[in-house]
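Trainee: Predicted model and sequence below, questions to follow.
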Amino acid sequence: MTLLDTLVEQAIESELFTSPRIDADLARFLAEQTDALKALARRTADGEFDRVYFVGGGGSLANMVSGQYLVDRFGGAAATALPSYELTWRDPAALGPRSIVFLASYSGATEDTLAAMRYANAKGAHTVALARRRPSPMATEASQLIDYDSAALYDLPLAAVTIFAAELARLTGSPRADEAIALLADLERLPEVLGRVYRDAQAPALEQARELLSANLLYCVAAGPLAGLAYKFALTVFMENIRVHGSFIESGELRHGPVEAFERQRPDMVFLLGTDESRAMTERAIAISRQAGARTLVLDANDYPAVHPLLTPFVLLIPLQWFTVYSALLRGITDLDERVFMGHRVLATGPDATWP
């Protein structure tokens with residue numbers, strides 16, 4: 001066994017690398033929490049709540065952005081996704097007893113998300129903490145806890161808001177209720193699919209990481225349901241774990257400014273290509289980037305088992321994680337769970353905030 005093989009075996013046990021266990025973790029989450037999430041959708045459909053806020057920070061904001069995307073698509077309530085402190089700064093007039101606020105925090109003690117939850121509580125909103133099961137301020141103080149005993153801080157909160165949005169559409173007779181029902185059915189079989197993707201995605205990831213080993217900035221480009229995942233990797237994972245600069249570009253926005261930099265720069269770009277309505281635009285973004293000489297990695301949902309287009313973020317997370325693992329290891333970063341600043345209270349304030 002080579003040194004790299006040994007490091008990969010260690011990485012498989014790390015907290016960051018959730019893909020090796022995501023099939024079992026997602027199956028357990030669906031069994032344990034689906035009824036509670038559908039009950040929240042029922043209360044919303046029955047008129048108890050008329051506005052939904054999705055709130056989080058860092059990687060946890062990414063799945064909350066997808067929550068708004070899904071509710072906007074299916075209907076049933078007005079939806080807004082916000083960074084955690086933005087909820088308090090914006091002070092929305094509509095936030096109150098008829099609001100339901102989903103707040104994602106892996107630790108349950110993220111400074112800005114904890115502040116947002118307390119702010120929403122004070123406004124009389126029904127707060128739903130999406131947090132890992134452990135003693136934490138958010139678990140204690142939220143109106144309701146949807147917990148998950150897993151490191152999958154992207155997949156499981158995303159599953160939660162997906163169930164809520166799809167069930168809300170079904171209950172309210174949305175014009176897209178049939179699509180929502182199909183989405184829920186595909187979600188039930190997703191754990192098995194993700195297990196296959198995990199096994200298939202490793203082999204190409206090492207070569208992909210080698211091809212971009214000299215990159216010191218990685219753009220992550222996507223649109224539609226994959227935009228949240230691209231945001232997560234560009235603005236958290238690439239910088240946290242590979243320790244290179246990263247930036248997110250929405251596929252259609254590449255033409256509105258970023259493309260001009262190609263006249264003097266040859267960027268390194270990771271594209272997430274979905275199977276939804278945004279696919280053609282992302283393909284156009286890939287073509288113009290390659291014509292300009294960019295080094296590109298394209299992760300195409302069509303290369304993996306077919307799932308509902310709105311579930312492609314679950315699928316493409318796995319090759320992205322494999323790429324990140326190999327990219328970090330090849331750069332000599334062998335402890336994937338350690339952070340330089342985050343988690344050491346260097347950036348946190350308040351007696352009960354432990355993160356970032």
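Mentor: Received, thanks.
Trainee: Which helix runs longest in the protein?
Mentor: Assignment by DSSP state H gives helix 177-211 as the longest helix of the chain.
Trainee: same for it, what does it pack against?
Mentor: Packing partners of helix 177-211 (3 or more CB pairs under 8 Å, 6 or more residues apart in numbering; DSSP states H and E): helix 22-45, helix 59-74, helix 155-171, strand 295-300, helix 312-330. Heads up, the C-betas are built off the backbone N, CA and C, glycines and all.
Trainee: how about a markdown table for these, with mean neighbour count and mean pLDDT added?
Mentor: Formatted as a markdown table, the helices and strands packed on helix 177-211 follow (neighbours: other CB atoms under 10 Å; pLDDT from 0 to 100):
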| stretch | mean neighbour count | mean pLDDT |
| --- | --- | --- |
| helix 22-45 | 18 | 98 |
| helix 59-74 | 24 | 96 |
| helix 155-171 | 27 | 98 |
| strand 295-300 | 20 | 98 |
| helix 312-330 | 25 | 98 |
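Trainee: Need these in TSV (columns: distance to residue 179).
Mentor: Formatted as TSV, the helices and strands packed on helix 177-211 follow (distance: least, CB to CB, whole Å):
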stretch	distance to residue 179
helix 22-45	15
helix 59-74	8
helix 155-171	8
strand 295-300	22
helix 312-330	14
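Trainee: To residue 269, which of those lies closest?
Mentor: Nearest of the helices and strands packed on helix 177-211 to residue 269, taken as CB to CB: strand 295-300 at 5.0 Å.
Trainee: Contacts for that closest one, please.
Mentor: Outside strand 295-300, the residues that touch it by CB atoms under 8 Å, 6 or more residues apart in numbering are 208, 211-212, 215, 266-273, 286, 289-290, 316, 319-320, 323.
Trainee: As a check, name the ranges of all helices in the stretch 1-150 of the chain.
Mentor: Counting by DSSP state H, counting those that start in this stretch, one finds helices in the stretch 1-150 of the chain at the ranges 3-12, 22-45, 59-74, 84-90, 111-122, 137-141.
Trainee: domains of this structure?
Mentor: 19-175, 192-330 (automatic domain parsing).
Trainee: related to what we said a few turns ago, of all the helices and strands packed on helix 177-211, which one comes closest to residue 137?
Mentor: So among these, helix 59-74 is nearest, using CB to CB, at 15.3 Å.
Trainee: So what's the gap between that closest one and the chain middle?
Mentor: On the basis of CA atoms, centre = their mean, to the nearest Å, helix 59-74 sits 9 Å off its chain's mean C-alpha point.
Trainee: For that helix, list the C-alpha coordinates in PDB.
Mentor: C-alpha atoms of helix 59-74 as PDB (Å, rounded to 0.1, in the frame of the first residue of the first chain):
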ATOM      1  CA  GLY A  59     -21.700  25.700   4.400                       C
ATOM      2  CA  SER A  60     -25.000  25.600   6.200                       C
ATOM      3  CA  LEU A  61     -26.200  28.500   4.200                       C
ATOM      4  CA  ALA A  62     -25.900  26.500   1.000                       C
ATOM      5  CA  ASN A  63     -28.600  24.000   1.800                       C
ATOM      6  CA  MET A  64     -30.800  26.800   3.100                       C
ATOM      7  CA  VAL A  65     -30.600  28.600  -0.200                       C
ATOM      8  CA  SER A  66     -31.800  25.300  -1.800                       C
ATOM      9  CA  GLY A  67     -34.800  25.400   0.600                       C
ATOM     10  CA  GLN A  68     -35.900  28.700  -0.800                       C
ATOM     11  CA  TYR A  69     -35.300  27.400  -4.300                       C
ATOM     12  CA  LEU A  70     -37.600  24.400  -3.700                       C
ATOM     13  CA  VAL A  71     -40.400  26.400  -2.000                       C
ATOM     14  CA  ASP A  72     -40.300  29.000  -4.700                       C
ATOM     15  CA  ARG A  73     -40.500  26.300  -7.400                       C
ATOM     16  CA  PHE A  74     -43.300  24.300  -5.800                       C
END
